[in-house]
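Visitor: Okay, sequence plus prediction incoming.
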Amino acid sequence: EYESAVMEWFIGQQQIERISGLIRKLADHADKRLLLSQPTDRFVEQVNVFLSQTGKRLTLDSRGRPRVEIHGTDRDLSTLSSGEKQIVVMLAHLALHKGIADSGIFIVDEPELSLHIHWQEMFVDSVREANPAIQVILATHSPAIVLDRVDCCVTMKVTERFERSQ
């Protein structure tokens, strides 16, 4: 009987070790999955800061494809306005493009186009948050884009040579 009890204990220990190993593997998998989803989750959150003001919400379907929820109804991205699409495209590029993950330059001419004034005020902070590692160069006529960042701005002046060639 003693040998039988020891054998049961030993077999039980092996099962416990196997189960513990499986639990560790599941926890590692969950950690890796969370790490992989962070850029996408951050992107969706950033876009939704903009869209929340229009009663819309960006979601991802079960296959990871972006969808738009408008007052509880699931829609395609084509239902977004031009300004909303502009935000989605720019933030997706900055947050999810692997080629510029660690560095790069983001150049936008007149980012204020199609963006209402409050979104213009939010734009630079959102771009910087989407990818803090990049250099941002904007050509704009909008004081709302610049706000209190005058120290980061360079005013471009038309030269005589340029004026004569026009």
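Guide: Yes, it's here. Residues are numbered from 1 along each chain as shown.
Visitor: What segments of the chain are helices?
Guide: Secondary structure of the chain, counting by DSSP state H: helices at 2-51, 82-96, 117-130, 143-146, 160-165.
Visitor: any idea which of those helices scores lowest on pLDDT?
Guide: Mean pLDDT is lowest for helix 160-165 among the helices of the chain, at a mean of 58.
Visitor: hang on, the earlier thing: okay if I get the helices of the chain as CSV plus mean neighbour count and distance to I137?
Guide: Quick note: C-beta positions are derived from backbone N, CA and C, even for glycine. Output for those, formatted as CSV (neighbours: other Cβ atoms under 10 Å; distance: least, Cβ to Cβ, whole Å):
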stretch, mean neighbour count, distance to I137
helix 2-51, 12, 20
helix 82-96, 19, 13
helix 117-130, 18, 11
helix 143-146, 17, 12
helix 160-165, 8, 19
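Visitor: D61: what's it in contact with?
Guide: R67 (Cβ atoms under 8 Å, 6 or more residues apart in numbering).
Visitor: want to try a markdown table for the helices of the chain, with distance to P66 as columns?
Guide: Converted to a markdown table, those look like this (distance: least, Cβ to Cβ, whole Å):
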| stretch | distance to P66 |
| --- | --- |
| helix 2-51 | 8 |
| helix 82-96 | 7 |
| helix 117-130 | 15 |
| helix 143-146 | 25 |
| helix 160-165 | 42 |
